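**Student:** after the sequence you'll find the predicted model.
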Amino acid sequence: MLEAMILLVCACILVSGVLAMVLENLLAAIVSGGLASLFAALSFLLLAAPDVAMAEAAIGSGLATFIFLYALRKTGYGKDGG
Amino acid sequence: MRALAACAILAGLAGVFGLVVASHAEPAALRPLAAAYVRASVEELTTPNVITGILMAYRSFDTLGEVAVLYMVAASLGLLLQPIGDHGGGPTEPRLHPGEIVESGKQVLFPMILTFGAYVIANGHLSAGGGFQGGAILASGVMLLMIANPDAAINVAALGLLESAVGVLFVAIGILGMIHAGGFLDPRILPAGTLGDFVSAGAIPLTSALLGIKVGAELSVILQKFRS
């Protein structure tokens, strides 16, 4: 049961990671990257490492996503060919 | 040609990972070092949460290094994010105002996030958590505040001062550990107390609180520098 759940969560990490690479819409790609971090935190929790999961959820999926959003705004939403 | 090379590299990586996975065997018992840490963190430090015991005592110098890296990032961001020339800063778009949901959600969630962060920091030696995680949670509370009030200014100078003062205190406790106990940042400068009590584990709650404040302030400064 636990192994099946871990495999499912790992598949979710892979899918959201690939989506973050493939998606043309940068906003959606950033949210997808944050989602990958959130699933990674979930996998840490399933593997009995709540301390690491907490740091990953707060920094990886919270603060990092937010910093990417600010960077996106500063660079003009990717419109100037950058 | 490049695609072929990329495929070859990927196949090599897959082979390495495959070997690692294939040779993995679930260990039946802890390795000697891990077993020693698990035993010593409970017996020497009276810390039920072994991870915090290791991070804040046996490997506290590494923790100090992590915080120093964060400090360097916060300090150097100002230099890196300076607008280059005229067009560098981009057109300053009108700030988007948050909706009713975010505004009201902030009023409910902000105190709860701060309380949860303080709980995670203060109970780091008893349950999952600790200074680093709690500090990150505090910073995510500040992040919510930034989303809900786009015009609110964060006092970077005051946060920097707080963070430096806390850092000095942290190192001072470390040096006290060198004088009165076994080494740098040894938490046994304060009485150990009984296992599982809120006031126990020597100086670990104190260093945890300092670390939490430091990490929270540093991450808030980083966010503010990206925002402004």
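**Tutor:** It's in. Numbering: from 1, shown residues only, chains lettered A, B, ... in the order given.

**Student:** kindly provide the distance from the residue most central in space within chain B to residue B:76.
**Tutor:** Centroid check for chain B by CA atoms, centre = their mean gives residue B:132 as the closest residue, at 2.7 Å. As for residue B:132, its distance to residue B:76 is 20 Å (criterion: CB to CB, to the nearest Å). Heads up, the C-betas are built off the backbone N, CA and C, glycines and all.

**Student:** now do residue B:183
**Tutor:** 31 Å.

**Student:** what of residue B:196?
**Tutor:** 42 Å.

**Student:** up against chain B, what does chain A have?
**Tutor:** A:50-51, A:54-55, A:58-59, A:62-63, A:66-67, A:70-71, A:73-76 (CB under 8 Å from any CB of the partner chain).

**Student:** could you pull out the helices for chain A?
**Tutor:** For chain A, the helices defined by DSSP state H cover A:2-22, A:26-46, A:50-55, A:64-74.

**Student:** of the ones you listed, which is nearest residue B:205?
**Tutor:** Taking CB to CB, helix A:50-55 is the member of those nearest to residue B:205, at 15.9 Å.

**Student:** which positions within that closest one qualify as buried?
**Tutor:** A:50-55 (16 or more other CB atoms under 10 Å in any protein chain shown).

**Student:** low-confidence stretches in chain B?
**Tutor:** B:83-96 (pLDDT under 70).

**Student:** got the residues of it near chain A?
**Tutor:** So chain B meets chain A at B:49, B:51-52, B:89-91, B:93, B:120, B:128-130, B:132-133, B:136-137, B:139-140, B:143, B:147, B:219, B:222-223, B:226-227 (CB under 8 Å from any CB).

**Student:** just the buried ones out of those residues, please.
**Tutor:** Using 16+ other CB under 10 Å, the buried members of the residues of chain B next to chain A are B:49, B:51-52, B:120, B:128-130, B:132-133, B:136-137, B:139-140, B:143, B:147, B:219, B:222-223, B:226-227.

**Student:** point out the ones among those residues that are inside helices.
**Tutor:** B:51-52, B:120, B:132-133, B:136-137, B:139-140, B:143, B:147, B:219, B:222-223, B:226-227.

**Student:** which stretch of helix or strand covers residue B:74?
**Tutor:** Secondary structure from DSSP states H and E places residue B:74 in helix B:60-80.

**Student:** typed the wrong thing, it's residue B:211
**Tutor:** Residue B:211 belongs to helix B:204-227, assigned by DSSP H and E.
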